[in-house]
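1. what shape does this take:
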Amino acid sequence: YSELIRAETGWSPEALSITLTIWSIGSGLGGVLAGFVLRRLSMRATIFIGMILQVGGYTLSTLAGSTVLGGSIWFLYIFFGACAGIGSGFAYIPTMNVVVEWYPDKVGFASGVMMFGLGVGTLALGSGASFLAEAIGWRNAFYICAAVVLIVLLLDMFLIKKPDTVLPSQTQEQKKAGVWGKEYTPSQMLRRASFWLFFIWAVLGQTSNMIVSTHARQSADEINAAGILATMAVGVLHVFCSIGSIGFGTVYDKLGRKKTMLLESTVLIVGALLFVGSMYFASVTLMVIGLVVLGLVTGGLPATNSA
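-> Sure, this is the predicted structure:
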């Protein structure tokens, strides 16, 4: 929607891009908060909070650029960036927890399949929303997105449920794959060096991928890629992100956490070098290969984290 919003309001691309940054931070914060809320409230109640935040965020963000209270860009920052972002974290965490509990011996594959759905859904909804925004205006498209989120999360709340029993093979299979460890309280976790090393690894990986996904279209334009490639650059990233989520999730179940993290780090470095090289040599071929490689690891990182 950024082009349409910019054409209407005159806000700079840099100012609008801050919205995505706030959304990303909010999504992570929402996931952390949802973890604490799940200890006190039910899964459905946690998803309900996420639904209210997202639907309200999409709806109220349409006040940006309007005559209400000056139509400040802060409406986008607060409601779309912060509220909808935090709401996505609240909806994601309980759903992922249930999915993993149903497949305790295949946590990587299960989380990978969910990330596959997330990637395909993002691509489909994003493309559909862009088409709607062009056809009926970005505000009406936001209203429709809010309605879709409302319907999907209502179905999520009432259709998914926890398994009645925990499979006896759960800890045995997870120990065998090296993915099961001792339970820690939040305060104990924060005092462990291993947690902070993993946290830094995850942040670096996700940040690098976010930078590429945000600027994929602009980068393709800069090397004078054909119009169709420039348009499809982000789509290529999302498609292979979906494939990578299942692939790396399966690898996680087979090789365990440490080997999977090493493989993902290696693939990420290779993909980054290919992408940077494509810009330096103005090579469309290198860019396509780099987007494919980065797409694969982009899907693998959250699948591994979730498992």
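
2. which residues of this structure fall in helices?
-> With DSSP state H, the ranges of helices along the chain come out as 2-9, 13-38, 43-60, 74-75, 85-102, 107-136, 138-159, 170-177, 186-190, 193-222, 227-255, 257-281, 284-306.

3. Thr19 versus Tyr77, what's the distance?
-> Per Cβ to Cβ, to the nearest Å, Tyr77 is found 6 Å from Thr19. Glycine gets a C-beta too; all of them are placed from N, C-alpha and C.

4. comparing the two, which residue is more hemmed in?
-> Higher neighbour count among Tyr77 and Thr19: Thr19, with 25 against 21, using other Cβ atoms under 10 Å.

5. contact partners for that one?
-> Thr19 is in contact with 76-77, 80-81, counting by Cβ atoms under 8 Å, 6 or more residues apart in numbering.

6. and Phe142, by the same measure?
-> Residues in contact with Phe142 (Cβ under 8 Å, 6+ apart) are 1, 58-59, 61-62.

7. and those residues, which two are the farthest apart?
-> Distances among the contacts of Phe142 were taken as Cβ to Cβ; the most separated pair is Tyr1 and Thr59, at 14.5 Å.

8. mean pLDDT per helix and strand in the chain: which one sits at the bottom?
-> None of the helices or strands of the chain scores lower by mean pLDDT, DSSP states H and E than helix 170-177, at a mean of 47.

9. got the contacts of Phe142 as a markdown table, with distance to Arg39 columns?
-> Output for those, formatted as a markdown table (distance: Cβ to Cβ, whole Å):
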| residue | distance to Arg39 |
| --- | --- |
| Tyr1 | 37 |
| Tyr58 | 28 |
| Thr59 | 30 |
| Ser61 | 30 |
| Thr62 | 35 |
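
10. report the lowest-confidence entry in those residues.
-> Least confident by pLDDT among the contacts of Phe142: that is Tyr1, with 67.

11. how about low-confidence regions in the protein?
-> Applying pLDDT under 70 to the chain flags residues 1, 67-71, 123, 165-183, 209-210, 213-218, 221, 225-235, 303, 305-307.

12. tell me how far stretch 275-292 lies from the chain's centre.
-> The chain centre lies 24 Å from the centre of stretch 275-292; the measure is Cα atoms, centre = their mean, to the nearest Å.

13. ignore what I typed, I meant stretch 186-205.
-> 19 Å.

14. do stretch 33-49 as well
-> For stretch 33-49 - counting by Cα atoms, centre = their mean - the centre lies 19 Å from the chain centre.

15. from one end of it to the other, what's the distance?
-> 11 Å (Cα to Cα, to the nearest Å).

16. can you point out the buried residues in that stretch?
-> 33-35, 37-38, 43, 46-49 (16 or more other Cβ atoms under 10 Å).

17. do the same with stretch 21-36
-> Residues 22-24, 26-28, 30-31, 33-35 are the ones in stretch 21-36 that count as buried (16+ other Cβ under 10 Å).

18. what are the contacting residues of that stretch?
-> Stretch 21-36 is touched from outside by 46, 49-50, 53, 77, 80-90, 92-94, 186, 210, with contacts defined as Cβ under 8 Å, 6+ apart.

19. going through those, which ones are buried?
-> Neighbour counting over the contacts of stretch 21-36 (16+ other Cβ under 10 Å) leaves 46, 49-50, 53, 77, 80-90, 92-94 as the buried ones.

20. how close does the nearest residue to Gly30 once chain neighbours are set aside get to Val120?
-> Nearest residue to Gly30, sequence neighbours excluded (Cβ to Cβ, 6 or more residues apart in numbering): Gly89, at 2.3 Å. Per Cβ to Cβ, Gly89 is found 20 Å from Val120.

21. now do Arg191
-> 39 Å.

22. got it, and Gly247?
-> To Val120, Gly247 is 15 Å away according to Cβ to Cβ.

23. quick one, which of the two is more surrounded?
-> With neighbours defined as other Cβ under 10 Å, Gly247 and Val120 compare such that Gly247 has more, 20 against 15.

24. can you name the residues that contact the more buried one?
-> 112, 296, 299-300.

25. which residue is the nearest non-sequential neighbour of Thr285?
-> Per Cβ to Cβ, 6+ apart, closest to Thr285 is Ser278, 7.8 Å.

26. thinking the one you found is in contact with Val284, fair?
-> Yes - Ser278 sits in contact with Val284 when judged by Cβ atoms under 8 Å, with a separation of 7.3 Å.

27. shared neighbours of the two, anything?
-> Ile223.

28. looking at the two, which one has more neighbours?
-> More crowded of Ser278 and Val284, by other Cβ under 10 Å: Ser278, with 23 against 16.

29. what sits against Ser278?
-> Ser278 makes contacts with 219, 223, 284-287, 290, as judged by Cβ under 8 Å, 6+ apart.
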